Structure formats: structure tokens, C-alpha cells
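Trainee: Mind folding the following:
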Amino acid sequence: MVKTALITGILGQDGPYLAKLLLSKGYKVYGLIRRYTNPNFENLDYLGITSEIEFILGDMTDECSLMNILKIIRPDEVYNLAAQSFVAASWDQAKLTTEVNALGTLYLLNAIKLFNPTTKFYQASTSEMFGNNYSAGGIQTEETPFHPRSPYAISKLYAYWIAINFKESYGIFAANGILFNHESPIRGREFVTRKISEGVAKIKLGLATEIKLGNIDSKRDWGFAGDYVEAMWLMLQQEKPDNLIISTGITHSIRDFLEVAFNHVGIKDWEKYIRIDPQFKRPAELFVLQGKSDKARNILGWQPKVQFEELVKMMVDADLERLKK
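Mentor: Residues are numbered from 1 along each chain as shown. Model prediction:
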């Protein structure tokens, strides 16, 4: 019997990579999209899978639409990747961020509870929930206390706990993947990593003279989205749901990212192309994220394959190719 999966956030970064993985495993994949005049399938087209997905119209802020979808398709698995995911925008759009990220998760879980309680549910949680808290050794683990420092992180913390509550209250298979930063050639252009890869490509091709950034000394635990979606799938193949950190365990600064990206295109004096702009600094800064994913590696048998330098070069090469076309 063919397994079915519903992916919210199908047009973002992780959705297309996850859809490609599930399709390769023989799943019937449904993708939730809002009613657009002209929906953007660029990321799905990049991976060549747009025609293989059945799109379902709905909205994370409309509980009735989510209930209708669960009632009709009754999927075996739901991957909730939909979010207002740009942290910087969450201060200016706190209400929207809360409605989509927090209440949207509640609505989706309610729909599962009412119409298909055997559905396995994956919640895309985030390392941003830790804030600047860390355990011994300066690393974040599943036991590290949360201290969210943005409306985005706060909304995600609600979603994290409501998933646990539905598991404990109603026996729903609800698993939280606490994913640390993960990037790819289809990362949104507003995110710092893609801003850098595209900016470096433009500078190399003579299409730009600078990249405007905020705090380039912030450190993150960066992995490849294509690796991380495999962990999402593995989490829903277990007998019992769990909350697991998915990370590389290695941190690099934005400065490191810049150096690798510029060196890759043969530019050594990269500092002269960087302009620090205060508007890109957060009201409440988050300095270092470094996750310990030993639990996930032991339980799932998962480990990241793409290393940091390979990831940066992959993103720069993809943007060079796009711009040349």
C-alpha cells in the first residue's frame, strides 16, 4: 500500500528536499499551498519534482481549511514545515508569525486528532528556541533550557510544547525535530547565507560592488538541508515519537562563511566588499548556536554528509549558474 504524506511549507527550502526524498521512497506527496494569483514553484522546479506533487489549497491560519484537508486525504504522515521563518521579520510581524507558527500548528494537530489520529506528525522546531542558553561545554542539547530571543523563536516554542501536549493528552505520534541552521542553493534570498552566496556571485560577475550585513561575528551550526530532511523522515519511522536535535555539532561564524565564499571565486581581499549596516542587527542578538546531535545519531542512525566548505561552495556555484543564465 502506498504511503501518503502531507507537507506544509512545500514551496520553501526544506519542503522540496523532503518531497524529493519521499517521492524516491514511493510516497504519494501532497503539498499545502495558499491561494496565490501566481504561486512560486521555483524551488520545486530547481529539484525537478513540481509535476510529481499534488497541491492542496489551504492556509495555516484557517483551521477549517486544514480540517477539510485532513478529512479528505487522511495522510499517513504530516510534516509541518510551514512558517514565517525569517527571524528578523518576526519583530515587525509578530502577530502574523504567531498565527502561522504557533496557532497554525495547533490547528493542524486538532485536525489530526479529529479526523485521522493515527497520522504521524513531524513539527519543525528550531535551535532559535535556546537563545543564548547552552549546556556544559558551550553546546546545546535536548536538556538545555529554552530562552527564545525573538517573536519567531517564541512562536516556535509554543508549537514545540503543543505537539508534546497532543502526544501526552491524546496519544498522537508527534515528534519535534530541533533543527539547527541548515542551508542549500534554494535558501530564501533574505537569509544571510543566501545573501552572501548570491552577493559573492554578483561581485564576481561584476553585477554588484558590496554586500550589506549585520553582525558577521555571530556563529551558527550550519548543515545541508538535503541531509536534514532525511532525519525528519527517519523520526517518523520510529516506534515512538521523540524530540531530537539535528545538527553538525560544529560552528562557524558568518565571517568564516564569507571567507570560504569569496575564496571560492578567487577573491582574497573580501573585507572591502562588506558593508556593516545597523538595520540588519537584531534587537536581541543571538551569538552562538552549536547543537549536540548524539541522541539522533544513535536512535536514527543519521549523520550529516555535506561539510561546511562544501555547502558554501555549492551555494555560490548555484548562484553563479543562475546569474550567468
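Trainee: send the alpha carbons of stretch 142-153 over as PDB?
Mentor: Only the C-alpha atoms of stretch 142-153 are listed here, as PDB (Å, rounded to 0.1, in the frame of the first residue of the first chain):
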ATOM      1  CA  GLU A 142      17.900  18.200  24.400                       C
ATOM      2  CA  GLU A 143      18.200  19.100  28.100                       C
ATOM      3  CA  THR A 144      19.300  22.700  27.600                       C
ATOM      4  CA  PRO A 145      16.700  25.200  29.000                       C
ATOM      5  CA  PHE A 146      14.900  27.300  26.400                       C
ATOM      6  CA  HIS A 147      15.200  31.100  26.300                       C
ATOM      7  CA  PRO A 148      13.800  32.300  23.000                       C
ATOM      8  CA  ARG A 149      15.100  35.800  22.000                       C
ATOM      9  CA  SER A 150      12.700  36.700  19.100                       C
ATOM     10  CA  PRO A 151       9.000  36.500  18.300                       C
ATOM     11  CA  TYR A 152       9.900  33.800  15.800                       C
ATOM     12  CA  ALA A 153      11.600  31.600  18.500                       C
END
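Trainee: Any buried residues in that stretch, and which?
Mentor: Counting neighbours by 16 or more other Cβ atoms under 10 Å, one finds that the buried residues in stretch 142-153 are 142, 144, 146, 148, 149, 150, 151, 152, 153. The C-beta positions use only the backbone N, C-alpha and C, and glycine is treated the same way.
Trainee: Those in helices, which ones?
Mentor: Of the buried residues of stretch 142-153, the ones assigned to helices by DSSP state H are 151, 152, 153.
Trainee: what about the residue lying farthest from the centre of the chain, distance to residue 203?
Mentor: Relative to the centre of the chain, the most outlying C-alpha is that of residue 269, 32.0 Å out, by Cα atoms, centre = their mean. For residue 269, the distance to residue 203 (Cβ to Cβ, to the nearest Å) stands at 11 Å.
Trainee: Residue 124 touches residue 83, doesn't it?
Mentor: Yes - at 6.8 Å, residue 124 and residue 83 qualify as touching, with contact defined as Cβ atoms under 8 Å.
Trainee: Which one's more surrounded, the two?
Mentor: Each of residue 124 and residue 83 has its neighbours counted (other Cβ atoms under 10 Å); residue 124 has more, 27 against 24.
Trainee: tell me the SS of that one?
Mentor: Using DSSP: H, G, I helix; E, B strand; the rest coil, the structure places residue 124 in strand.
Trainee: That one bridge partners, please.
Mentor: residue 177 (DSSP bridges).
Trainee: For it, give me its contacts.
Mentor: If you count contacts by Cβ atoms under 8 Å, 6 or more residues apart in numbering, residue 124 has them with 9, 14, 79, 80, 81, 83, 177, 179, 232.
Trainee: give me that answer again for 10 Å
Mentor: 8-9, 12, 14-15, 18, 79-83, 85, 101, 105, 156, 159-160, 176-179, 228, 232 (Cβ atoms under 10 Å, 6 or more residues apart in numbering).
Trainee: For ChimeraX, what selects the buried ones among those residues?
Mentor: To isolate the buried members of those in ChimeraX, using 16+ other Cβ under 10 Å:
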select :8,9,12,14,15,18,79,80,81,82,83,85,101,105,156,159,160,176,177,178,179,228,232
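Trainee: Tell me which of the contacts of residue 124 fall in strands.
Mentor: If you go by DSSP state E, these have 8, 79, 80, 176, 177, 178, 179 in strands.
Trainee: so what pLDDT did the residue nearest to the first one when sequence neighbours are not counted get?
Mentor: By that I understand residue 8. Using Cβ to Cβ, 6 or more residues apart in numbering and skipping the chain neighbours, the partner closest in space to residue 8 is residue 82 (3.6 Å). Here the pLDDT value assigned to residue 82 is 94.
Trainee: Surely residue 82 touches residue 103?
Mentor: No - assessed by Cβ atoms under 10 Å, residue 82 is found out of contact with residue 103, at 11.7 Å.
Trainee: Thanks a lot, catch you later.
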